[in-house]
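Trainee: Sequence first, then the predicted structure:
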Amino acid sequence: MKPFKSLVVTQQPVDRLWVTVRDRMPELAAMLDDIQRITVIERQTLPAGGLRLVNEWRATPRLPVSIESVTGTDAFVWLDHAEWNESDRRCHWRIEPQFLDGRIQCQGVTLYEPAMGGRGSRVTFEGTLHMAAPRAGAASLLERSVAPIVESIVTVMIPKNFRKIVEAAARLDPQ
C-alpha cells in the first residue's frame with residue numbers, strides 16, 4: 001500500500017471553500033491543465049446534512065506515445081465516489097479507475113479546517129493506493145509495465161490536481 005498526502009492553505013474561509021469544491025467541481029476542472037472534464041454522475045443528500053457525490057473524471061496527462069499506445073486514451077478515466085460530511089468537514093472518497101478494472105484500490109479522506117484565525121482554510125488530502133499483484137499470462141506483462149505509471153499518476157497527479165482545484169476554488173467568485 002502506498003500512501004500519499006497533500007496540504008493546501010488558502011485565504012478563503014473554510015465554509016466558502018468547502019461548498020465551492022463540493023458543488024462546483026465541473027467548473028473547477030476547466031482550470032486544470034491535464035483534466036479534460038469532471039461530470040457529476042450522482043448527487044444524493046444523506047441524513048444529518050451529508051452529501052454523496054459520484055463524479056467522473058477524464059484526464060489527459062502528457063505521456064510518451066509509447067506509454068499511451070499501451071494504456072490507451074481511456075486509461076485515465078475514473079469515478080470519484082465521495083461522501084461529504086457537513087458536521088466535521090470531512091470528505092471520505094474512493095477512486096474507481098476504468099483501467100485495470102478491479103485491480104486498483106485507492107481511497108482516502110479530505111479534511112477542511114479553519115486557518116489564519118478563521119479567515120482562511122487548511123485542507124489536508126490524503127489517501128492510499130493498493131495495486132493487486134499482476135495476473136498470470138500475457139496480461140501480467142502489460143500490468144507490470146503499466147503499474148508504475150498508474151502508481152505515479154495516482155500518487156502524484158491526483159494530489160497535484162487536488163491542490164490546483166482548491167487553489168482555483170479559492171479564486172472563484174462566490175455564487
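Mentor: Noted; the coordinates are in hand. Numbers count the residues shown, from 1 in each chain.
Trainee: Could you use CA atoms for every contact and neighbour count after this?
Mentor: Fine.
Trainee: for the protein, what spans make up the strands?
Mentor: Assigned by DSSP state E, the chain shows strands spanning 2-10, 35-45, 51-59, 77-85, 90-97, 104-115, 120-131.
Trainee: Which neighbouring elements make contact with the last one?
Mentor: For strand 120-131, the elements it packs on are strand 2-10, helix 14-23, strand 104-115, judged by 3 or more Cα pairs under 8 Å, 6 or more residues apart in numbering; DSSP states H and E.
Trainee: OK, contacts around the closest residue in space to Arg22 that isn't next to it in sequence?
Mentor: Leaving aside its chain neighbours, Arg22 sits nearest to Trp84 (7.8 Å; criterion: Cα to Cα, 6 or more residues apart in numbering). Going by Cα atoms under 8 Å, 6 or more residues apart in numbering, Trp84 touches Arg22, Gly50, Leu51, Arg52, Leu53, Arg90, Cys91, His92.
Trainee: can we see that at 7 Å?
Mentor: For Trp84, the contacting residues are Gly50, Leu51, Arg52, Arg90, Cys91, His92, by Cα atoms under 7 Å, 6 or more residues apart in numbering.
Trainee: would you turn the helices and strands packed on strand 120-131 into a markdown table with mean neighbour count, mean pLDDT and distance to Ala168?
Mentor: Shown next, in a markdown table, are these (neighbours: other Cα atoms under 10 Å; pLDDT from 0 to 100; distance: least, Cα to Cα, whole Å):
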| stretch | mean neighbour count | mean pLDDT | distance to Ala168 |
| --- | --- | --- | --- |
| strand 2-10 | 16 | 92 | 10 |
| helix 14-23 | 19 | 95 | 9 |
| strand 104-115 | 19 | 94 | 15 |
